[in-house]
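Peer 1: my questions concern the predicted model and sequence given below.
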Amino acid sequence: MANVATAPTGGQILVNIENISMLRDIKKAISMVRGVTKVTVPRTNKRLSSYERSLRDLDEGRVYEYDSLDDLIKEIEG
């Protein structure tokens, strides 16, 4: 009796992306490749705490400094 090897019916590729803003373009490019039937992006269910969001803001430069409270109030009032 002979052994017959069959080609796999499906496969997966894991792509890690540093800049999440490129996600839409990367999904579009991958979906245009011949043979790709579905592109999914797993979602994390974990919500960040306010502390974790603050650390992310620091890392991404969303921090503002004012010399005084009066300067902050002037900025808020416009």
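Peer 2: Thanks, I have it. Numbering: from 1, shown residues only.

Peer 1: what about the spatially most central residue of the chain, distance to residue 54?
Peer 2: Centroid-nearest residue in the chain, with Cα atoms, centre = their mean: residue 20, separated by 3.5 Å. Residue 20 sits 19 Å away from residue 54, going by Cβ to Cβ, to the nearest Å. Using the backbone N, CA and C atoms, a C-beta is placed for each residue, glycine as well.

Peer 1: repeat that for residue 27.
Peer 2: Using Cβ to Cβ, residue 27 is found at 30 Å from residue 54.

Peer 1: what does residue 33 give?
Peer 2: For residue 33, the distance to residue 54 (Cβ to Cβ) stands at 39 Å.

Peer 1: what of residue 15?
Peer 2: For residue 15 relative to residue 54 (Cβ to Cβ), the value is 29 Å.

Peer 1: what's around residue 26, how many residues?
Peer 2: Other residues near residue 26 come to 15 when the count uses other Cβ atoms under 10 Å.

Peer 1: list the residues that contact it.
Peer 2: Residues counted as contacts of residue 26 (Cβ atoms under 8 Å, 6 or more residues apart in numbering) are 15, 17.

Peer 1: let's verify it: helix, strand, or coil?
Peer 2: helix (DSSP: H, G, I helix; E, B strand; the rest coil).

Peer 1: how much space separates it from residue 33?
Peer 2: According to Cβ to Cβ, residue 26 stands 11 Å off from residue 33.
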